[in-house]
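> Pasting the sequence and the predicted model now:
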Amino acid sequence: MKFKAKRPHYEYLRKKWISKHQHAAEKLLSSHQDAVKNVALGGLGGLMMLSNPGVQATMPQPQELTNNNITKEEDKTVLLAKSLEINVPKEMRSLTPEEESKVEGVLADNMGFKVKAELDGVRLNRSYGMIGGEQHLYRYPGDNLYKHADNASDWAMYGGSGIAPGLGAWGYFTSSESNFSAKDKEREKYYLAVPTFLAPGFAENVGKYRDFFKFRKMLVVNPKTGQSVVAVVGDAGPAQWTGKHLGGSPEVMHYLGLAKGPRKGAVVYFFIDDPKDQIPLGPISPKGPSLAKEDNIVTKILARGK
């Protein structure tokens, strides 16, 4: 039996673009004969043009790409993954300050909001590491695993993760079931366990750090796929001997694409600078890089494929 060799990244993107946007491409190939040199690398469509030199056509202006629905959500996620691939080391290690700065820029540019490895003088021991699956947490006195599922689909998807025997680092998410709010529900649904005790300066500032980390909003991204989740710090852990650097709720792991198999994988995770609490929790799709930065990403991808 013959096995096909894996195609380089640019070939994968080219095929993906063609298969999903063939109709739009056919309409675009009939006009704008003189613009191809100016915008061939302006978006994913440029990949098709560059890898098919025999095609005599032009790519549209940026606004035409948007109007023809060529810039799709999944394409932006792929571009985010490829940009992180360029800036995140393959080795599982702490990022250098320069690397953290570059990743901060990539995430902020793609998501449209500020992310920081250090916020208000506080940082975790690392911003790139191994995340592992966690159980559900008790949200109020009398809560149980069954109450976490809104329907049969929820139960089938997340019920098997179980519920932790003890409370999270900050106790219940609210004082009683009657006070249980939609916000409390979202916080438990999309929670992280991070090693607050390993944060530089924690031992000297326990009270300050405890208050800072409680429900602190963070962006977690799977650098291999670009899948991203906005979550809050809802627990402390895991222990160092586990080999994991942070943990994620069943829902967080699902939306990161890490809920199956060993239920763990590499992620980058940064604080979100959101003092007015305007960014909702849950899975989030990148808005996409600016055309100038996207052009640079595509150029690097093509260079790697040569």
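Good, I have the coordinates.
> how close does Val161 get to Glu251?
Slight slip there: residue 161 is Ser, not Val. Using C-beta to C-beta, to the nearest Å, one obtains 9 Å as the distance from Ser161 to Glu251. Where you see a C-beta, it was placed from the backbone N, CA and C, and this is true even at glycine.
> need the contact list for the closest residue to Gly129 other than its chain neighbours.
Ranked by C-beta to C-beta, 6 or more residues apart in numbering and with sequence neighbours excluded, the top spatial neighbour of Gly129 is His245, at 2.9 Å. Residues touching His245, when contacts are defined by C-beta atoms under 8 Å, 6 or more residues apart in numbering, comprise Asn125, Arg126, Gly129, Met130, Ile131, Pro195, Pro238.
> Which of these fall in strands?
Within the contacts of His245, residues falling in strands by DSSP state E are Gly129, Met130, Ile131.
> Top of those by number of neighbours, please.
Within the ones in strands among the contacts of His245, neighbour counts (other C-beta atoms under 10 Å) peak at Ile131, which reaches 26 neighbours.
> More neighbours: Ser161 and Glu251, which one.
Between Ser161 and Glu251, counting by other C-beta under 10 Å, Glu251 is the more crowded of the two (25 against 20).
> would a markdown table of the ones in strands among the contacts of His245 with distance to Gly168 be doable?
Formatted as a markdown table, these follow (distance: C-beta to C-beta, whole Å):
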| residue | distance to Gly168 |
| --- | --- |
| Gly129 | 20 |
| Met130 | 20 |
| Ile131 | 17 |
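> quick revisit: between all of the contacts of His245, which two are separated the most?
Comparing all pairs in the contacts of His245 by C-beta to C-beta, the longest separation belongs to Asn125 and Ile131, at 14.3 Å.
> number of nearby residues for Ala156?
Applying other C-beta under 10 Å, we find 10 residues neighbouring Ala156.
> Would you check that Gly168 makes contact with Gly234?
Yes. Using C-beta atoms under 8 Å, Gly168 is in contact with Gly234, at 5.3 Å.
> Can you check which residues contact both of the two?
A shared contact of Gly168 and Gly234, defined by C-beta under 8 Å, 6+ apart, is any residue touching both; here these are Leu137, Tyr191, Ala193.
> could those residues go into TSV alongside pLDDT and secondary structure?
As requested, the shared contacts of Gly168 and Gly234 are arranged in TSV below (pLDDT from 0 to 100; DSSP: H, G, I helix; E, B strand; the rest coil):
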residue	pLDDT	secondary structure
Leu137	98	coil
Tyr191	98	strand
Ala193	98	strand
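> Go through these and name the one nearest Glu98.
For Glu98, the nearest member of the shared contacts of Gly168 and Gly234 is Ala193. The distance, counting by C-beta to C-beta, is 28.2 Å.
> And for that closest one, the neighbour number?
Residue crowding around Ala193 was assessed by other C-beta under 10 Å; the count is 24.
> Dig out what Val230 forms beta bridges with.
In this structure, Val230 has the following beta-bridge partners (DSSP bridges): Leu219, Gly282.
> Please read the previous query as pertaining to Phe270.
Legend: beta-bridge partners of Phe270 under DSSP bridges are Leu219.
> Give me the neighbour count for it.
Neighbour count of Phe270, defined by other C-beta under 10 Å: 24.
> So that it lines up with my notes, have the first residue be 49 from now on.
From this message on, residue numbering opens at 49, which makes the last subject Phe318.
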